[in-house]
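> with the input below, show me the fold.
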Amino acid sequence: MTVEADEASVSSGTPPEVSRAVGERESHRLRPEPKPALPGRSPQLLDAIPAQAAAGERTSPETGERPEAVSPLRRMRPWRLLPTPTGTPFTFTYAAVLVGTSLFATFADPGVVASALRGSSTDVAHLAHTPVFVLVASALWIAGGITSPFAICFLVVLTALERRIGGRRTAGVFVLGHIVATLATEVPVGLSVMAGHLPESSLHRLDYGISFGVAASIGALAGLLTPWPRWTVLAVFGGMLVEDLIAFTDPMTSWGHFMALAIGVGTWPLVRRWRRAPPGPSAA
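From the prediction side, this is the model:
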């Protein structure tokens, strides 16, 4: 091209240096200008070739940060272990009620508290006269206080279960374990009193708390975990129940915990089906 420009300059009488400068300006004008880099992309990458994004430095379009800059704590999201009013409304509301009753039991007059607990007890005498009332009222108290192991399990387990199958279904599992395990432990007491094997005072045995519902929820949640966490949860919780049974401090309640756990395990086909079909508005 330079030779041709020199020949043209000779024929036209134009100096070669001037012709060469004009040719370079024309060549520069014909070159396409580079596109400005998009936000969050490396300027060396082409938009039409997505494979280059894997080799380049990726950044988040929203924050402009690299994925490596996100902290492990943020990836784990530990706050999801606790209930929230929008994410887990059933567990959050129920936990608020339990906090209220626990504070009442701690700071109210001991005589008033004892009377309230006796009136909420699911003993045989109350189940024979006001079964619905005591089954509901007994689940509004935490045996052992707000710092008991079952209170902690309530928060973590019901939150995890509700995030997987929805609020109404979680409530169904909890209520199923609470009612069935209560009846399974109290009905034999009534029959034993009628047969003369137990004194009549056994009809007024104080029985209240959320432990049966929590045990059933643990059993149900285990069915939604992968094999290693599933059997670890069942082994640890089952070991705790065996220790309570060996201690023989309250054998009826200890057997009730085993029954409630078995009820939760029995719901595995149902809860797995619920998880495969995400709950709609009616199930949330």
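> A171 - nearest residue in space that isn't next to it in sequence?
Nearest non-adjacent residue to A171, counting by CB to CB, 6 or more residues apart in numbering: F90, 5.4 Å away. C-beta coordinates here come from the backbone N, C-alpha and C atoms, glycine included.
> mind checking the SS state of that neighbour?
helix (DSSP: H, G, I helix; E, B strand; the rest coil).
> what do you get for E243?
Under three-state DSSP, E243 comes out as helix.
> that one: neighbour count?
Using other CB atoms under 10 Å, E243 has 10 neighbouring residues.
> could you tell me which ranges of the stretch 1-150 of the chain sit under the pLDDT cut-off?
1-79 (pLDDT under 70).
> can you pull the buried residues of the longest helix along the chain?
Using DSSP state H to define each element, the chain has its longest helix at helix 167-195. Neighbour-count burial for helix 167-195 flags 167, 169-186, 189-190, 193 (criterion: 16 or more other CB atoms under 10 Å).
> cool, stretch 255-263 as well?
So for stretch 255-263, counting by 16+ other CB under 10 Å, buried means 255-261, 263.
> out of those residues, who's nearest P229?
Distance ranking of the buried residues of stretch 255-263 against P229, using CB to CB, places L261 first at 16.0 Å.
> and the host helix or strand of that closest one, C-alpha only, in PDB?
Secondary structure assigned from DSSP states H and E places L261 in helix 251-266. Listed next in PDB are the C-alpha coordinates belonging to helix 251-266 (Å, rounded to 0.1, in the frame of the first residue of the first chain):
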ATOM      1  CA  PRO A 251     -41.500 -44.000  82.600                       C
ATOM      2  CA  MET A 252     -44.800 -43.100  81.100                       C
ATOM      3  CA  THR A 253     -43.500 -39.900  79.600                       C
ATOM      4  CA  SER A 254     -40.400 -41.600  78.400                       C
ATOM      5  CA  TRP A 255     -42.400 -44.200  76.600                       C
ATOM      6  CA  GLY A 256     -44.600 -41.400  75.200                       C
ATOM      7  CA  HIS A 257     -41.500 -39.900  73.600                       C
ATOM      8  CA  PHE A 258     -40.600 -43.100  71.900                       C
ATOM      9  CA  MET A 259     -44.100 -43.400  70.600                       C
ATOM     10  CA  ALA A 260     -44.100 -39.800  69.300                       C
ATOM     11  CA  LEU A 261     -40.800 -40.400  67.600                       C
ATOM     12  CA  ALA A 262     -42.200 -43.500  65.900                       C
ATOM     13  CA  ILE A 263     -45.200 -41.500  64.800                       C
ATOM     14  CA  GLY A 264     -42.900 -39.000  63.200                       C
ATOM     15  CA  VAL A 265     -41.000 -41.700  61.400                       C
ATOM     16  CA  GLY A 266     -44.300 -43.100  60.200                       C
END
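> the chain: strands as residue ranges?
Taking DSSP state E, the chain contains no strands at all.
> mind listing the helices for it?
Counting by DSSP H, the helices of the chain are 2-12, 16-30, 51-55, 72-76, 89-107, 110-120, 124-129, 131-137, 149-165, 167-195, 211-222, 227-247, 251-266, 268-276.
> now these in CSV, with distance to P83?
Converted to CSV, the helices of the chain look like this (distance: least, CB to CB, whole Å):
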stretch, distance to P83
helix 2-12, 79
helix 16-30, 66
helix 51-55, 39
helix 72-76, 17
helix 89-107, 4
helix 110-120, 23
helix 124-129, 30
helix 131-137, 20
helix 149-165, 5
helix 167-195, 10
helix 211-222, 13
helix 227-247, 19
helix 251-266, 19
helix 268-276, 18
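> hmm, back to that, residues in contact with the residue nearest to A171?
158, 162, 167-168, 170-171 (CB atoms under 8 Å, 6 or more residues apart in numbering).
> cool, thanks, signing off.
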